[in-house]
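[1] model the following, please.
(2 chains)
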Amino acid sequence: MNNPISSIGKTILTLGGHISGVLSLFYNTLYWVIIGPIKGKASSRQSIFEQMVFVGVQSLVIVFFISLFTGIVIAMQSAYQLNQLGAVIFVAPMVSISMARELGPVFAALVVAGRVGSAIAAELGTMKVSEQIEALETLALDPVRFLVVPRFLALIIMLPCLTIMADIVGVLGGMIVGVTQLDINIYRYTSFSFDMMTFKDIWTGLIKSVVFGASIAMVACYVGLGTRGGAEGVGKSTTLSVVISFILIVLFDCIITGIFFFSNV
Amino acid sequence: MEEREVVVEVKDLVKDFGDRTVLNGIDLKVYRGETLVIMGGSGCGKSTLLRHMIGNIKPTSGRVELLGEDITDRYDAELDNVRKKIGMSFQSSALFDSMTVAENVSLPLKEHTNLEQSVIDIMITMKLELVGLRGFEDLLPSELSGGMRKRVGLARAIAMDPQIVFYDEPTAGLDPIVASVVDKLIKDLSEKLSITSVVVTHDMKSVFAIANRVAMLYQGKVLEVGTCEEIKNSKNPMVQQFISGSFDGPIHFFQQKDDYLEDLTK
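    Predicted coordinates:
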């Protein structure tokens, strides 16, 4: 039983099972998002709104904090290099474009995965081990429609919003360095920030954040609903959901960037 | 005895969890209007049997019929119609933490009926009155005691006026007085609302307080089924040991001396 080949095979089978589990949860979620309202079984607006407040509004401060300092750091690091070329003014587009294309979506997603993904996994996990999920099913209420859909919608709506906020605050952070330390005129800095940017820089970033939001929601809900074994199980699920979300965010970031890079959209 | 309608029928039910056989060929019928108590030691598969009856667990082999419909191969949404006709009271109450008492009880009504909010409010008040918890509508489950939570769970189970209510250990973890309150409640519900009840418990006091018929489960099999009198007068020593709760008897918690010696010196 302990031979390495069988254990590799077992691992692959388990992994495959989990991937198909997440995909079928995703399919069910989409079914309820699209077909639910047609059948008059939409998720309650109140619970979607509650989740949106939790995902979006309550993450604002920490997203602001992180993107402000990210903006400052990129400005300083790139100024160090660009100074040698005598092109300090390019700090402005450097910050704005890297925030919009890459850092805004990724950092917002990491913050939300850590803050919201873990909370979702813990909440659903606790509901699972305390028979609440089974109670929902017994009341003929689908846990996917009832619990997963509001969280999914909240994440794919609010994460792009957070990303836009992160982009703006990041640019502001860069501007602080540019204006106070690099002696760039504030109007010049602003116009350079946005003139060099194309619309594509922004929408590719937003597409990323939608994908990140969907993967955080699916991972957290799948892990939460699969929780077993009491309080210890809930703890494990929480950790697992954060770890997997982080990996997926970086993985999808790489894939989506690759697609845009090679397809020249 | 006249022929009565069978509302739950379990036929030759077998359930394996991995290598362990939990239920091993169960045959059981529940008739309309009666209160059937399934008793047995911890871990003998009582709760598992109950979950088979409501379709939450699928058997390894055998059939389950609920309200005349075969639910053995039905999953999720296909079960919804029959699930709307039953209620379930969970061992841990399983109230939704984030909702108040009133929201918990009204949830099935809001989701499955088109009643006006004012009608629903009246119905909630009535259900809470039945379980003696009127006036607690706006509290959260975390603000209630264990016994109160059990009763709210009960109110939620009967919110849709079900034909059958399933109870999983309704008196476990309650003090004797609250336990008899819950027992009386179960009895009242089945008599006043003529609800069929299936109760899983190992609390002997409540078994004879509420049961019309009793089924004793042991090691995944039905040891004996009968009325309270029949069970009390049972010749089966295992049933007698369970009723009296004595240490000595055919049911062993520890290995026999010889077996133990052999096991240790192996």
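[2] for the rest of this, base every contact and every neighbour count on C-alpha atoms.
    Noted.
[3] what does chain A put close to chain B?
    Counting by C-alpha under 8 Å from any C-alpha of the partner chain, the residues of chain A close to chain B are A:127, A:130-132, A:134-135, A:137-142.
[4] can I get those residues in TSV with secondary structure and neighbour count?
    Shown next, in TSV, are the residues of chain A next to chain B (DSSP: H, G, I helix; E, B strand; the rest coil; neighbours: other C-alpha atoms under 10 Å in any protein chain shown):
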residue	secondary structure	neighbour count
A:M127	helix	23
A:S130	coil	20
A:E131	coil	18
A:Q132	helix	22
A:E134	helix	21
A:A135	helix	25
A:E137	helix	19
A:T138	helix	25
A:L139	coil	25
A:A140	coil	23
A:L141	coil	23
A:D142	coil	18
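[5] ok, these vs A:I34, which is closest?
    A:D142 (15.1 Å; C-alpha to C-alpha).
[6] nearest spatial neighbour of that closest one, skipping sequence neighbours?
    Leaving aside its chain neighbours, A:D142 sits nearest to A:L136 (6.9 Å; criterion: C-alpha to C-alpha, 6 or more residues apart in numbering or on different chains).
[7] ranges for the helices of chain A?
    Along chain A, counting by DSSP state H, helices occupy A:4-38, A:45-55, A:60-85, A:91-98, A:104-112, A:118-129, A:132-138, A:143, A:149-180, A:186-195, A:199-225, A:230-263.
[8] go through those helices and name the closest to B:V222.
    Nearest to B:V222 among the helices of chain A is helix A:132-138 (25.3 Å), distances taken as C-alpha to C-alpha.
[9] so what does that closest one touch, helix or strand wise?
    helix A:143, strand B:86-89 (3 or more C-alpha pairs under 8 Å, 6 or more residues apart in numbering or on different chains; DSSP states H and E).
[10] among those, which is the most enclosed?
    Mean neighbours per residue, mean count of other C-alpha atoms under 10 Å in any protein chain shown, is largest over the helices and strands packed on helix A:132-138 for strand B:86-89, with a mean of 26.
[11] and for that strand, what's in contact with it?
    Strand B:86-89 has contacts (C-alpha atoms under 8 Å, 6 or more residues apart in numbering or on different chains) with A:135, A:138-139, B:150, B:153-154, B:156-158, B:160, B:162-168, B:170.
[12] just give me how far that strand sits from the chain centre.
    Centre-to-centre, strand B:86-89 and its host chain are 8 Å apart (C-alpha atoms, centre = their mean, to the nearest Å).
[13] pull out the buried positions in the helix or strand just after that strand.
    Downstream of strand B:86-89, the next assigned helix or strand under DSSP states H and E is helix B:101-112. Within helix B:101-112, the residues scored as buried using 16 or more other C-alpha atoms under 10 Å in any protein chain shown are B:101-109.
[14] ok, and does the helix or strand following helix B:101-112 reach over to chain A?
    Next in sequence after helix B:101-112, counting helices and strands by DSSP H and E, comes helix B:117-130. No - using C-alpha under 8 Å from any C-alpha, no contact is recorded between helix B:117-130 and chain A, whose separation bottoms out at 15.1 Å.
[15] for A:V61, which of the helices and strands packed on helix A:132-138 is the nearest?
    helix A:143 (31.1 Å).
[16] re the thing from before, take the helices of chain A and lay them out in TSV including distance to B:R32.
    Listed next are these as TSV, based on distance: least, C-alpha to C-alpha, whole Å:
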stretch	distance to B:R32
helix A:4-38	36
helix A:45-55	39
helix A:60-85	57
helix A:91-98	70
helix A:104-112	52
helix A:118-129	32
helix A:132-138	20
helix A:143	30
helix A:149-180	38
helix A:186-195	75
helix A:199-225	35
helix A:230-263	36
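[17] adding mean pLDDT, write those out as a markdown table.
    Conversion of the helices of chain A to a markdown table gives the following (pLDDT from 0 to 100):
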| stretch | mean pLDDT |
| --- | --- |
| helix A:4-38 | 91 |
| helix A:45-55 | 92 |
| helix A:60-85 | 93 |
| helix A:91-98 | 92 |
| helix A:104-112 | 96 |
| helix A:118-129 | 95 |
| helix A:132-138 | 92 |
| helix A:143 | 92 |
| helix A:149-180 | 95 |
| helix A:186-195 | 90 |
| helix A:199-225 | 95 |
| helix A:230-263 | 94 |
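[18] leaving aside the residues adjacent along the chain, what's closest to residue 29?
    Picked chain A for this. A:V149 (5.8 Å).
[19] to clarify, I was referring to chain B.
    Nearest residue to B:K29 in three dimensions, chain neighbours excluded: B:E9, at 4.6 Å (C-alpha to C-alpha, 6+ apart).
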